[in-house]
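1. compute the structure for the input listed below.
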Amino acid sequence: MKLLSLLLLTIFLGKGCEDNTKQNIEIAQITYTANTRGYYQEISIEKQTVSIKNDRKGEAVQIKISDDDLKELVELFQEVDLEEIKDLKSPTEKRFYDGAAIANLKINYEGKSYESQSFDHGFPPYEIKKIVTKINSFAKQNNEN
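-> Residues are numbered from 1 along each chain as shown. Okay, the predicted model is just below:
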C-alpha cells in the first residue's frame, strides 16, 4: 500500500512539475515586425489582445483574440524554444535584394527579451513558422473586415 501511495504521489507530483515548466502566454508580449522602404507591419500580442499597425506613424488597430484562436496560440507558444530563437536561420534570402520585407520576431517573457535574427516576411525559420503564420493570420483577418 505504501508503495502504491508513493508511486501515485510521484506520478501526481511529476505531472504538476511538468505543467509548471510550460510557458504561459498570459505573461508574454509577442511582437512581429515586417518592413521595407515602402511597407510596414507590426503585430503585437499581449494577453488576449492583438494590436496591428500598418504604418510607422499610424495608430494601432486592436482586436480581441477569440477563445479558439487563443487556444491555438497558447499551444504554438509552448512549442517555441525561447533560448533557441536568436540562433534560427532564415530559409531564404529574398530580403537582401528587396524580394521580401525584412521580418523579425521578438518575445518578452518573464523579464527577458528573446529576438530572432531577421528573416524574409512570409518565409520564417521552420522552428517558428507555425506561430509566425498564426500571428500573421490576425492581420489578414483584420484586412478582410
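2. which residues sit in contact with the nearest residue to Lys130 once chain neighbours are set aside?
-> Excluding its sequence neighbours, the residue lying closest to Lys130 (CB to CB, 6 or more residues apart in numbering) is Leu76, at 5.1 Å. Bear in mind the C-beta positions are built from the backbone N, C-alpha and C, glycine included. By CB atoms under 8 Å, 6 or more residues apart in numbering, the contact list for Leu76 reads Lys130, Ile131, Lys134.
3. among the residues you listed, who's most crowded?
-> Counting neighbours by other CB atoms under 10 Å, Ile131 comes out on top of those with 23 neighbours.
4. looking at the protein, which helix or strand is least sure?
-> Lowest on mean pLDDT, DSSP states H and E among the helices and strands of the chain sits helix 2-20, with a mean of 46.
5. buried residues in the very next helix or strand once past it?
-> Sequence-wise, the next helix or strand downstream of helix 2-20 (DSSP states H and E) is strand 28-35. Residues of strand 28-35 classed as buried under the neighbour-count rule (16 or more other CB atoms under 10 Å) are Ala28, Ile30, Thr31, Tyr32, Thr33, Ala34.
6. among these, find me the one that's closest to Gln41.
-> Distance to Gln41 across these (CB to CB) is lowest for Ala34, with 4.8 Å.
7. can you check what pLDDT the model gives that closest one?
-> We have a pLDDT of 97 for Ala34.
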